[in-house]
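Trainee: Below is the structure, and that's it, no one-letter string:
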Ligand code: GLY
Ligand code: MN
Ligand code: MN
């Protein structure tokens, strides 16, 4: 699998006007080489590739990496060791990730590649991550199925009197039990007025009748992630929350139904926004509609009102409209969608009818 990405990266060299590239963003190192450790620098030219890591990862790097030479050195020595490679020092223009590299690191890299020019690139490796291969699709599908099972198990444990933190602990425990390598991110469990906090952290607030409870969590599986949100209700659904729920669900399903290769990401956003506007809730929907999902929880494409992205087969992203009204609460419904040759496949399948617990 990784060979393919390395070839594609090299194919992009001419249009980027570079003859070498340094990759330090770990999800991209993993995507290209398969290396899953927490410290690495990958150097690529048209003919050679070298992965530098430290001694903690010696065995692991040799096991995981087939398409690059592995060199184990002290952390601080990456630039000096790279500079010594004569094949690398023949480069004239070396690209690096200008979106994610710190100023300090860029300064170090500039010294490393001298006299070659160091060229900042934007979204150079991201297109490789955007279109998933079969192994990635299998892993995300599995992560999504784990999240579905966790949601259904939660329905039989969430009860009045539990705190948000206690529910969040059950989320993490169930994720592991159902086969996840871990949480995709810190689970969000927010209830009652707290559910209006889009990305609030679980607190010691106890669930009680009339609350909306917004759950947002995901599984990590073989490095890939799922990301699901469901909103459930305690005891009864207040009329305003019910109207919010129906509007969010309609917005989400309308947007999902339009997903297909060739469609502009912002057109999908607009469809969801239009539904919420018609229902009078557009002013309470303030975040993007969704984001790519893969080795990172937030990738490209971005489904926002100003996104330049166009959907293509193999992309996986979330669709997650939400309405948040101060003091009343919030509703978000989020699923993970794969773009197929002809349309879409919804990977998360957990129940979306409103649930009262
Ligand atoms: N849980 C993070 C997100 O939905 O984007
Ligand atoms: Mn989420
Ligand atoms: Mn999300």
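Mentor: Ah, there it is. These figures come from a predicted structure and were not determined experimentally. Ligands and ions are numbered 1, 2, ... in the order given.
Trainee: For the residue in the stretch 51-200 of the chain positioned nearest to ligand 3, give its distance to ligand 1.
Mentor: The minimum distance from the stretch 51-200 of the chain to ligand 3, using CB to the ion, falls at residue 185 (8.8 Å). C-beta here means a position set from N, CA and C on the backbone, and glycine is covered the same way. To ligand 1, residue 185 is 6 Å away according to CB to the nearest ligand atom, to the nearest Å.
Trainee: Surely that residue and residue 297 touch.
Mentor: Yes - the pair residue 185 / residue 297 is scored as a contact, 5.5 Å apart, by CB atoms under 8 Å.
Trainee: I'd like to know which residues of the stretch 101-250 of the chain are adjacent to ligand 2.
Mentor: Contact residues, the stretch 101-250 of the chain versus ligand 2 (CB under 5 Å from the ion): 216, 227, 229.
Trainee: Is the residue in the stretch 151-300 of the chain positioned nearest to ligand 1 part of a helix or strand, or is it coil?
Mentor: Closest to ligand 1 within the stretch 151-300 of the chain is residue 216: 4.6 Å, counting by CB to the nearest ligand atom. Look at residue 216: counting by DSSP: H, G, I helix; E, B strand; the rest coil, its state is strand.
Trainee: who does the helix or strand residue 252 falls within touch, helix- and strand-wise?
Mentor: Assigned by DSSP states H and E, residue 252 falls within helix 239-257. Other helices and strands packing on helix 239-257, by 3 or more CB pairs under 8 Å, 6 or more residues apart in numbering; DSSP states H and E, are strand 228-233, helix 265-278, strand 316-319, strand 322-325, strand 329-332, strand 335-339.
Trainee: just checking, what packs against the following helix or strand past the second one?
Mentor: Per DSSP H and E, the first helix or strand lying C-terminal to helix 265-278 is strand 290-292. Other elements packing on strand 290-292 under the criterion 3+ CB pairs under 8 Å, 6+ apart are strand 299-303, strand 316-319.
Trainee: Mind putting these into TSV with mean pLDDT?
Mentor: Formatted as TSV, the helices and strands packed on strand 290-292 follow (pLDDT from 0 to 100):
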stretch	mean pLDDT
strand 299-303	98
strand 316-319	98
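Trainee: between the ones you listed, which one is nearest to ligand 1?
Mentor: strand 316-319 (6.2 Å).
Trainee: Let me know whether that closest one sits next to ligand 3.
Mentor: Yes - on the criterion CB under 5 Å from the ion, strand 316-319 is in touch with ligand 3 at residue 318.
Trainee: Pull the residues that contact that strand.
Mentor: By CB atoms under 8 Å, 6 or more residues apart in numbering, the residues outside strand 316-319 that reach it are 132, 136-137, 140, 227, 252, 255-256, 259, 268, 272, 289-294, 299, 301, 303, 334-339, 347.
Trainee: in that strand, what counts as buried?
Mentor: For strand 316-319, the neighbour count (16 or more other CB atoms under 10 Å) marks 316, 317, 318, 319 as buried.
Trainee: swap in stretch 77-86?
Mentor: 78, 79, 81, 82, 85.
Trainee: Quick one: name the residues of this structure near ligand 3.
Mentor: When proximity is defined by CB under 5 Å from the ion, the chain lies next to ligand 3 at 227, 318.
Trainee: In the stretch 151-300 of the chain, what residue comes closest to ligand 3?
Mentor: residue 227 (4.2 Å).
Trainee: residues contacting the closest residue to that residue other than its chain neighbours?
Mentor: Leaving out its chain neighbours, the residue that sits closest to residue 227 by CB to CB, 6 or more residues apart in numbering is residue 218, at 4.1 Å. Contact analysis of residue 218 by CB under 8 Å, 6+ apart lists 143, 147, 183, 184, 185, 225, 226, 227, 228, 297.
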